[in-house]
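# Pasting the sequence and the predicted model now:
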Amino acid sequence: MKRALLILACCFAANAQSQDVIHLKTGESSACEIEAVTDNIVIFLLRGPGGGSAKRTLPMDRVDYIEFGFEQGEEAVLKDLENISAAILETWWEFHFGNLHRPRSRTAVYGIAFANALLKEDPETGAARALSVLDRIIERAWAEEDKSLARQGRLRALIASGDLDTAVGEAQILQGETEDPDLSIEVKFLLAEADFAQLKALEEEHPRWIDDDEVRPGRNALYHRIVDQYLWPHLFHATREEAAARGLLSAAGVYEFAAETELARAACEDLINLYPTTSFAAPAKERLESLSNPE
C-alpha cells in the first residue's frame, strides 16, 4: 500500500494530462486512468514518461473522491445543459449512473437536466420517466444540493403528471424544512403552479362558479393564494430579479385568466419598468401588447 501511495505522489506531475484524478484522504492526488470503481476498490493505470504503465488497486476507504475526466464531447454538453435534448442527456445520465452516490460526482447534474428536458419537451409522457430519475437522485445522490434540486424537479413532474394533491403536500413539507430564501422562492412558485392548475380544473368543472355560493369562496381563496405566491419574491426579495420578474409575469397570466385585464397589464408594466434586464422582460412586452390590442 505504501508503494502504491508513493507511486501516486511521484507520478502526478508526469501524468498531468491523464483523464482522471484520484484524491486521497491524506491530501495526495494523482492523475491516472480509472479502469474500474466499486464501493470497495478502485483499479487504475499510472502511465510513466517513457510510455509504460502500471496497474494499481486502492481500497476506497483511502480515497476522498475521484475526479472523473471528461469523455469526448462531454464538457460541451455540461456547459449547455439547458439547451441539450433529453435523448443526449439520457446517454450521459446512464453513462455515469453507477457513480451517482460518489462524492463530487456529476451524475446528478445530468439526471436533473435530463428530467427537466423531459418535462420541457413532452410533459405528459415525460413526467413518469422524470419522476423515476429524480427519485433515484433524491435517494442516492451524494450532495444535498443535488437532492434539493431533484425535490424541486419532482414537484414539477408531479404537477405535469396531474398529481396536484401530492405536489402540494410535498411542496408544503419542503417549504417547512427550509430557511433558504432561494429554495423557498422556488417552492412557493411550484405551489402557485399547482394551485393554478387546480383553479383551471375547478372553473372547468364549475363554469358558473360565480353564482355558486358553495364553490365561489373556495375559488376566490385559491385565486388570491396563487397571486400571493407568485408575487412573493417581487414583494419580499426584489433583488432576486429573475425570480421576481418570473412571478410578475406568472401573476399577469393568472389575472388574464380571471379576465382582470387591468391588473394583468399593470403586472407586465411593473416587470418591464422594474426588471428590464431580466429574461422575462421581452415576454412581458409581448403579453402587454396582446392585452392592449386584443384580437
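That came through fine. Numbers count the residues shown, from 1 in each chain.

# Distance of F280 relative to E241?
9 Å (C-beta to C-beta, to the nearest Å). All C-beta atoms are positioned from the backbone trio N, CA, C, and that covers glycine.

# mind listing the helices in the stretch 101-250 of the chain by residue range?
In the stretch 101-250 of the chain, helices defined by DSSP state H, counting those that start in this stretch lie at 107-121, 123-140, 144-161, 164-177, 181-205, 216-236, 241-257, listed in chain order.

# want to throw those helices into a markdown table with mean pLDDT and distance to H23?
What follows is the helices of the stretch 101-250 of the chain, written out as a markdown table (pLDDT from 0 to 100; distance: least, C-beta to C-beta, whole Å):
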| stretch | mean pLDDT | distance to H23 |
| --- | --- | --- |
| helix 107-121 | 97 | 17 |
| helix 123-140 | 95 | 21 |
| helix 144-161 | 91 | 19 |
| helix 164-177 | 85 | 32 |
| helix 181-205 | 91 | 29 |
| helix 216-236 | 96 | 38 |
| helix 241-257 | 97 | 35 |
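
# Quick check: which of those is buried the most?
helix 107-121 (a mean of 24; mean count of other C-beta atoms under 10 Å).

# Okay, angle between it and helix 144-161 too, please.
20 degrees (axes from the mean of the first three to the mean of the last three C-alpha atoms, to 10 degrees).

# ok, residues contacting helix 107-121?
Identification of contacts with helix 107-121 by C-beta atoms under 8 Å, 6 or more residues apart in numbering yields 78, 81-82, 84-86, 89-90, 92-93, 96-97, 99-100, 126-127, 129-131, 133-134, 136-137, 141-143, 146-147, 149-150, 153, 156-157, 160.

# quick one: it to helix 123-140, angle?
Going by the same axes, to 10 degrees, helix 107-121 makes 160 degrees with helix 123-140.

# CA atoms only for helix 107-121, dumped as PDB, please.
Output of helix 107-121 as PDB, limited to C-alpha atoms (Å, rounded to 0.1, in the frame of the first residue of the first chain):
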ATOM      1  CA  THR A 107     -24.200  12.200 -12.400                       C
ATOM      2  CA  ALA A 108     -27.000  14.000 -10.500                       C
ATOM      3  CA  VAL A 109     -26.400  17.100 -12.600                       C
ATOM      4  CA  TYR A 110     -27.100  15.100 -15.800                       C
ATOM      5  CA  GLY A 111     -30.100  13.400 -14.200                       C
ATOM      6  CA  ILE A 112     -31.700  16.700 -13.200                       C
ATOM      7  CA  ALA A 113     -31.100  18.200 -16.600                       C
ATOM      8  CA  PHE A 114     -32.500  15.100 -18.200                       C
ATOM      9  CA  ALA A 115     -35.600  15.200 -16.100                       C
ATOM     10  CA  ASN A 116     -36.100  19.000 -16.900                       C
ATOM     11  CA  ALA A 117     -35.600  18.300 -20.600                       C
ATOM     12  CA  LEU A 118     -38.300  15.500 -20.500                       C
ATOM     13  CA  LEU A 119     -40.700  17.900 -18.800                       C
ATOM     14  CA  LYS A 120     -39.900  20.600 -21.300                       C
ATOM     15  CA  GLU A 121     -40.200  18.500 -24.500                       C
END
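
# Which secondary structure state does the residue in the chain sticking out farthest from the centre sit in?
Centroid-distance maximum for the chain: G50 at 45.3 Å, with C-alpha atoms, centre = their mean. When classified by DSSP: H, G, I helix; E, B strand; the rest coil, G50 comes out as coil.

# Can you list phi and psi of it for me?
phi -90, psi 0 (degrees, to the nearest 10).

# how far away is it from A31?
Applying C-beta to C-beta to G50 and A31 gives a distance of 16 Å.

# before we move on, what about H224?
59 Å.

# Contacts for stretch 80-99, please.
37, 66, 68, 71, 74, 77, 105-107, 109-111, 113-114, 116-118, 121, 126, 133.

# Can you tell me, leaving aside adjacent residues, what's nearest to L191?
Closest residue to L191 apart from its sequence neighbours, by C-beta to C-beta, 6 or more residues apart in numbering: A171 at 4.7 Å.

# Done for today, thanks.
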